[in-house]
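Novice: Build the 3D model from these lines:
(one chain, ligands or ions: 1)
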Amino acid sequence: MASSGETRRGASEVLRVEGLTVQYGALVALRDVSWSVHNDEILGIIGPNGAGKSSCFAAVTNAVTHRGRTFLDKADVSALRTFDLAGRGLRRTFQQNSFFGELTVLQNAVSAIFRDFSTDLATSLFAPWREATTRRAAELAAAQLLDFFGIARQYHDQLPGDIPYGVQRLLSVALAYGTGAKVLLLDEPAAGLSGGDMKKLADVLIGLRKRNLALVVIEHHMDLIMSIADRIVMIDQGAMLATGTPVDIQRDPRVREAYLGRDE
Ligand SMILES: Nc1ncnc2c1ncn2[C@@H]1O[C@H](COP(=O)(O)OP(=O)(O)OP(=O)(O)O)[C@@H](O)[C@H]1O
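Specialist: Residues are numbered from 1 along each chain as shown. Take a look at the predicted model:
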């Protein structure tokens, strides 16, 4: 793990966004926001409700009309579709859990793996014998994926709606990760979690960072984000208000003011 502010050997910039601006009709939800994230790094994005954090992810993944540019591994990917960005390893989760409710946890993980190897799947449709082999390999890989995310075997054959909420949150991150990602954008992964579940999530995110991933995490749980993030970007009313290490951010009077309300 790279500690805050430390110069990290071998780290390279994976994702950079420049001047992201999102407008919904007359409302400017995000204004000229720029940041970057390296591999082996967790960047936290914080800000009050309605600050523009989710709009920032929507712009990065080209899921909303916006201005500004996105660079993935130094290549300008601003014009790529969301699906193609995911194919290049830029993936996101949403505030709400998203899985196939009628498939088991393991089947959901298999789907994520097939999604990532969609070309192989298309080929396999024309060769049933190969399909069986591919499916067995995918089931094995899916079980390993779930293991890595700490999702116990007892849950693999259950429907996602029947497993504990904390495990559902981990499943959402696991499915976004699939066969691997370069950058994961996580929108409030700890929403609704507390205590032990939050600790498990923190351990998973730290484990992903150790796998050389770049993580960008929107989070309202300050204890969590301040303890795992290497750097923080604070957004308020659509604009970047402050950026720095968790220690810098916690000391910044503008951040306190934005959260606690402005004194009249
Ligand atoms: N599709 C949309 N159409 C119109 N306005 C929107 C849309 N999505 C978001 N907004 C508005 O844009 C602003 C920023 O919203 P956004 O969801 O990006 O904020 P946020 O920081 O993620 O908030 P929260 O922490 O509550 O999730 C808010 O005023 C919101 O009401």
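Novice: List the buried residues in stretch 63-70.
Specialist: Neighbour-count burial for stretch 63-70, counted by 16 or more other CB atoms under 10 Å, picks out V64, H66, G68, T70. Yep, even glycine has a C-beta here, placed from its N, CA and C like the rest.
Novice: Let me have those in CSV, adding secondary structure as columns.
Specialist: Shown next, in CSV, are the buried residues of stretch 63-70 (DSSP: H, G, I helix; E, B strand; the rest coil):
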residue, secondary structure
V64, coil
H66, strand
G68, strand
T70, strand
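Novice: I'd like those laid out as CSV, including distance to R91 and pLDDT.
Specialist: Putting the buried residues of stretch 63-70 into CSV (distance: CB to CB, whole Å; pLDDT from 0 to 100) gives the following:
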residue, distance to R91, pLDDT
V64, 17, 97
H66, 19, 97
G68, 20, 98
T70, 14, 98
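Novice: ok, of these, which one's closest to P160?
Specialist: V64 (27.0 Å; CB to CB).
Novice: isn't that closest one right next to V22, touching?
Specialist: Yes: under the criterion of CB atoms under 8 Å, V64 makes contact with V22 at 5.8 Å.
Novice: Provide the secondary structure category for the residue nearest to S98 when sequence neighbours are not counted.
Specialist: Distance criterion CB to CB, 6 or more residues apart in numbering; nearest residue to S98, sequence neighbours excluded, is S172 at 6.5 Å. Classification of S172 using three-state DSSP returns helix.
Novice: With D223 instead?
Specialist: helix.
Novice: Please work out how many residues are found near the residue nearest to S98.
Specialist: 22 (other CB atoms under 10 Å).
Novice: list the contacts for it?
Specialist: Neighbour list for S172: T93, F94, N97, S98, F99, P189 [criterion: CB atoms under 8 Å, 6 or more residues apart in numbering].
Novice: Please report the distance of it from V183.
Specialist: Using CB to CB, to the nearest Å, one obtains 16 Å as the distance from S172 to V183.
Novice: Same question for T245.
Specialist: In terms of CB to CB, T245 sits 20 Å off from V183.
Novice: out of those two, which sits in the busier spot?
Specialist: A count of neighbours by other CB under 10 Å puts V183 above the other of T245 and V183, at 22 against 17.
Novice: List the contacts of that one.
Specialist: V14, L15, V37, L72, G89, L90, R91, L213, A214, L215, V216.
Novice: Distance-wise, check it relative to P48.
Specialist: According to CB to CB, V183 and P48 sit 25 Å apart.
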